[in-house]
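K.L.:
Provided below for reference: sequence and predicted model.
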Amino acid sequence: MLDRVITSGTFSLDGGTWDVDNNVWLVGDAREVVVIDAAHDAEAIARRVGGRQVRAIVCTHGHNDHINAAAELSRRTGSPIRLHPDDQVLWDQVYGSDVAYEPLADGEKIEVGGIELRVLHTPGHSPGAVCLHAPEAGALFSGDTLFKGGPGATGRSYSSFDTIIESIKKRLLVLPPETVVHTGHGDSTSIGVEAPHLDEWIARGH
């Protein structure tokens, strides 16, 4: 079972602020879910969760627009927040030491509702960016690492274009081409649609 809540708010970094719409993904079954990227509106996310148990709130990275509802949702549901520790510097900008999370590790497997989510560390958009691969479901939750039309932005602090390209090339484009890519913003795509454009992205990025 896959569900999406679109929430709206702002993304702030390096002194700038931008309006954004975020995809919040719920993965699981009728009894339990994992929430991927609790953005902006804990109330809206909790309504969609309903009476199901939230096994974890998984953050694909630490930018404020992907974590700013995580603490409130955690308080409502009693569920742990999960984040790769390489994004500690971004976490601290939002929560400091007031809110704790449990560290994610590359290769870790998260089970929910009969679905296995495999954690892929894909730095570049941020140092601790991860994607979640559900091989049996043929799905990838890419956060801001890969979008319809190319890689995530790397023009701000703690990001690297060369690193995100390496992550996409070695960790994502090797997945089956039919894998559906559910992104942090905007429309979904697939590995097969995006893979042929790698060289174009490299040329454009440099």
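P.N.:
Okay, I see it.

K.L.:
give the contact list for the closest residue to Thr189 other than its chain neighbours.
P.N.:
In this structure, Thr189 finds its nearest non-sequential neighbour in Lys148, 3.9 Å apart by Cβ to Cβ, 6 or more residues apart in numbering. The C-beta positions use only the backbone N, C-alpha and C, and glycine is treated the same way. By Cβ atoms under 8 Å, 6 or more residues apart in numbering, Lys148 lies in contact with Val181, Thr183, Gly186, Asp187, Ser188, Thr189, Val193, Glu194.

K.L.:
check Ser167 too.
P.N.:
Counting by Cβ under 8 Å, 6+ apart, Ser167 makes contact with His121, Thr122, Pro123, Gly124, Ala129, Thr145.

K.L.:
most neighbours among these, please name it.
P.N.:
With neighbours taken as other Cβ atoms under 10 Å, the top of the contacts of Ser167 is Ala129, carrying 32 neighbours.

K.L.:
phi, psi of it?
P.N.:
phi -60, psi 140 (degrees, to the nearest 10).

K.L.:
can you tell me the SS state at the nearest residue to it once chain neighbours are set aside?
P.N.:
Nearest non-adjacent residue to Ala129, counting by Cβ to Cβ, 6+ apart: His61, 4.2 Å away. Judged by DSSP: H, G, I helix; E, B strand; the rest coil, the three-state class of His61 is coil.

K.L.:
contacting residues around His61?
P.N.:
Here His61 is in contact with Leu83, His84, Asp87, Leu90, His125, Ser126, Gly128, Ala129, Val130, Gly143, Asp144 (Cβ under 8 Å, 6+ apart).

K.L.:
can you show me the helices along the chain?
P.N.:
Shown for the chain, the helices assigned by DSSP state H span residues 42-49, 64-67, 70-77, 88-95, 161-167, 191-194, 198-205.

K.L.:
ranking these by burial, who's on top?
P.N.:
Mean neighbour counts were taken over these using mean count of other Cβ atoms under 10 Å, and the top value, a mean of 26, falls to helix 64-67.

K.L.:
alpha carbons only: can I get the worst-scoring helix or strand of the chain on mean pLDDT in PDB?
P.N.:
Least confident helix or strand, the chain: helix 198-205 with a mean of 92, by mean pLDDT, DSSP states H and E. In PDB, the C-alpha atoms belonging to helix 198-205 read as follows (Å, rounded to 0.1, in the frame of the first residue of the first chain):
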ATOM      1  CA  LEU A 198      23.100  10.800 -17.400                       C
ATOM      2  CA  ASP A 199      25.600  12.200 -19.900                       C
ATOM      3  CA  GLU A 200      23.300  15.200 -20.600                       C
ATOM      4  CA  TRP A 201      23.100  15.900 -16.800                       C
ATOM      5  CA  ILE A 202      26.900  15.800 -16.500                       C
ATOM      6  CA  ALA A 203      27.300  18.200 -19.500                       C
ATOM      7  CA  ARG A 204      24.700  20.500 -18.100                       C
ATOM      8  CA  GLY A 205      26.100  20.500 -14.600                       C
END
